[in-house]
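Asker: Give me coordinates for this.
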Amino acid sequence: SLAVPSVSSVEHAEVFVLHDERDVRKFDALCVQAVLDGSVVVSPVMLSPGDALFFDGYGDGAVSKQTSRSIVGQTGPEHVDMTFHAAHASTRGRLLNVMRVLGINGYHEPVTSYFSEWGTKWFHDAAAVLVEDGVVLAAVEEERLTRKKHTGSFPARAIDFCLSARGISLDDVDHIAVGEEGGHGAYRDAELSAEKIAHTLRVVGLTKTDLTAKIRLVEHHVAHAMSAFLPACMDASLVVTLDGFGDGIAGSVSLGQGGKLETLRRIEVEQSLGNFYGAVLPYLGYSAFDEYKVMGLASYGDPTRARHLVSQIYELLPEGAYRFRIASTNELIRLLGPFGPPRFEGTPFLQHHMDLAAGFQEAFERIVIHLLTHFRETTGVRSLCFAGGCAQNSVFNGRLAASGLFDAIYVHPASNDAGTALGAALSVAQVASG
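Answerer: Now for the predicted structure:
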């Protein structure tokens, strides 16, 4: 992307460096047209990577190129000590119509104490992403900066990191995309709004301006879906999201085509595969976010020994549907009681713990394959984009790839809720750019 360094030695001056052919094409397409203090510079010339354009900004539109060729008459300073390390990106955006979108995920209240750091409702994996003209320039999870794993707190540090990496402020961002819109029903967060996000941005000191008009709320599973579908660059694809829940649902199946999504099915929280897989955590002595340990433990077990119990928990239905027969973790523990004693944290694993993990892994795989097979057959689409927390089950992903059910599979590398920051940003950027 085009860097826009500041020139400290010349007041009011701007320098643009053409780093690659993409930058050159942008200038060629615009014919080096820029509005500078009321003057228009028009000079279609041959440009090459490595060229630097100098705009003196004094009102006369003088421009010189830091090579042996002149673009416009040498009326401005010709010899400038230019340093190319500090970005002045706001001017770049004004001249080149750059679209910048900041995507975020996290609880909308500011962190005011140690206790509020953990009081983040169901939000987790807070993150921020900066997208410019559809290109990801910076992305980071809040946990990397606070050292609080899976934190769902408002991503103030992550936002600052992304803006600093580009050398801009929130005033230079066109849109702020949020990977949650509030949900519905029992899982609705009525406090989530553009006004609340704007207020928090001011409270944490990232801006003094009311940015409500820039904020766009994106439905959680749309953000998940777009985080996989748009980077995959597939002409047509099934786009499947599965997780615990977000915005009142636990997943979605869509047909992605032409950069747009057509929803084929919404998966309600009662059918949450993320909650199903996580329900066995207490029995195995694990805690929240330890699902990956269940997946690893499963490799030491025999699923056939637990199949008769686990099969009582769910039922496969026609058209790729399914339902769970047990509604709570307490019911599950009562069902599993005859299988053997539960494990407590810090105690050894017994064989029946490993077998039970293998049984849950097998059931998870069977349900998801049932769902995917139906939509692959009914749509005829043989490409898949997969996101959401359940897409982090890499053992399943490997078996799905080996099954031959799809010819091409794209699993987003940040399929957890951090990925909704990217998906929201890409979705808003796409709509805003037409």
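
Asker: And what about Met354, helix, strand or coil?
Answerer: Of the three states, Met354 takes helix according to DSSP: H, G, I helix; E, B strand; the rest coil.

Asker: Now for it, how many residues are close by?
Answerer: 19 (other C-beta atoms under 10 Å). All C-beta spots, glycine's among them, are computed from the backbone N, C-alpha and C.

Asker: pretty sure Gly301 is touching Met354, no?
Answerer: Yes. Using C-beta atoms under 8 Å, Gly301 is in contact with Met354, at 3.4 Å.

Asker: tell me, what's touching the two both at once?
Answerer: In terms of C-beta atoms under 8 Å, 6 or more residues apart in numbering, Gly301 and Met354 are not both contacted by any residue.

Asker: Look up which helix or strand Glu331 falls in, please.
Answerer: helix 329-336 (DSSP states H and E).

Asker: wait, what's in contact with Arg399?
Answerer: Glu365.

Asker: redo that, cut-off 10 Å
Answerer: The neighbourhood of Arg399, defined by C-beta atoms under 10 Å, 6 or more residues apart in numbering, consists of Gln361, Glu365, Val368, Ile369, Asn393, Leu405.

Asker: now the host helix or strand of the fourth one and helix 329-336, what's the angle there?
Answerer: In other words, Ile369. Per DSSP H and E: Ile369 is located in helix 351-379. For helix 351-379 and helix 329-336, the angle between their directions (axes from the mean of the first three to the mean of the last three C-alpha atoms, to 10 degrees) works out to 110 degrees.

Asker: The closest residue to Ala250 other than its chain neighbours: neighbour count?
Answerer: The spatially closest residue to Ala250, leaving aside those adjacent along the chain, is Ser272, at 3.5 Å (C-beta to C-beta, 6 or more residues apart in numbering). Using other C-beta under 10 Å, Ser272 has 21 neighbouring residues.

Asker: coming back round to it: buried ones in the very next helix or strand once past the helix holding Ile369, by neighbour count?
Answerer: Following the chain from helix 351-379 toward its C-terminal end, the next helix or strand by DSSP H and E is strand 383-387. Counting neighbours by 16 or more other C-beta atoms under 10 Å, one finds that the buried residues in strand 383-387 are Ser383, Leu384, Cys385, Phe386, Ala387.

Asker: Endpoints of stretch 177-188, how far apart?
Answerer: With C-alpha to C-alpha, to the nearest Å as the measure, stretch 177-188 spans 19 Å from end to end.

Asker: what comes up buried for it?
Answerer: Buried residues in stretch 177-188, defined by neighbour count with 16+ other C-beta under 10 Å: Ala177, Val178, Gly179, Glu180, Glu181, Gly182, Gly183, Tyr187.

Asker: how about these in a markdown table, adding distance to Gln257, pLDDT and secondary structure?
Answerer: Output for the buried residues of stretch 177-188, formatted as a markdown table (distance: C-beta to C-beta, whole Å; pLDDT from 0 to 100; DSSP: H, G, I helix; E, B strand; the rest coil):
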| residue | distance to Gln257 | pLDDT | secondary structure |
| --- | --- | --- | --- |
| Ala177 | 22 | 97 | strand |
| Val178 | 26 | 96 | strand |
| Gly179 | 22 | 93 | coil |
| Glu180 | 25 | 91 | coil |
| Glu181 | 23 | 89 | coil |
| Gly182 | 28 | 84 | coil |
| Gly183 | 27 | 76 | coil |
| Tyr187 | 29 | 74 | helix |
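
Asker: My guess is the residue nearest to Ala250 contacts Thr241. True?
Answerer: No. With contact taken as C-beta atoms under 10 Å, Ser272 and Thr241 are classed as non-touching, separated by 11.7 Å.

Asker: so what does whichever helix or strand Arg216 is part of touch, helix or strand wise?
Answerer: Under DSSP H and E, the secondary-structure element containing Arg216 is strand 215-217. Of the remaining helices and strands, those touching strand 215-217 by 3 or more C-beta pairs under 10 Å, 6 or more residues apart in numbering; DSSP states H and E are strand 100-105, strand 175-178, helix 194-203, helix 419-432.

Asker: chain center to stretch 278-295: distance?
Answerer: Here the centre of mass of C-alpha atoms in stretch 278-295, compared against the chain's by C-alpha atoms, centre = their mean, to the nearest Å, lies 24 Å away.

Asker: mind checking the end-to-end distance for that stretch?
Answerer: Chord length of stretch 278-295, first to last residue, is 11 Å (C-alpha to C-alpha).

Asker: If you count neighbours, what's buried in it?
Answerer: 278-286, 290-291, 294-295.

Asker: want to throw these into TSV with pLDDT?
Answerer: Written out in TSV, the entries for the buried residues of stretch 278-295 read as follows (pLDDT from 0 to 100):
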residue	pLDDT
Gly278	92
Ala279	90
Val280	92
Leu281	92
Pro282	91
Tyr283	92
Leu284	94
Gly285	94
Tyr286	94
Asp290	93
Glu291	95
Val294	97
Met295	97
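
Asker: tell me the two of these that are most distant?
Answerer: The widest separation within those, taken as C-beta to C-beta, falls between Pro282 and Met295 and amounts to 16.6 Å.

Asker: re earlier: spell out which residues are contacts of both of Ser272 and Thr241.
Answerer: Ile249, Ala250, Gly251, Cys390.

Asker: Which pLDDT value goes with the first one?
Answerer: Translated: Ile249. In the predicted model, Ile249 carries a pLDDT score of 91.
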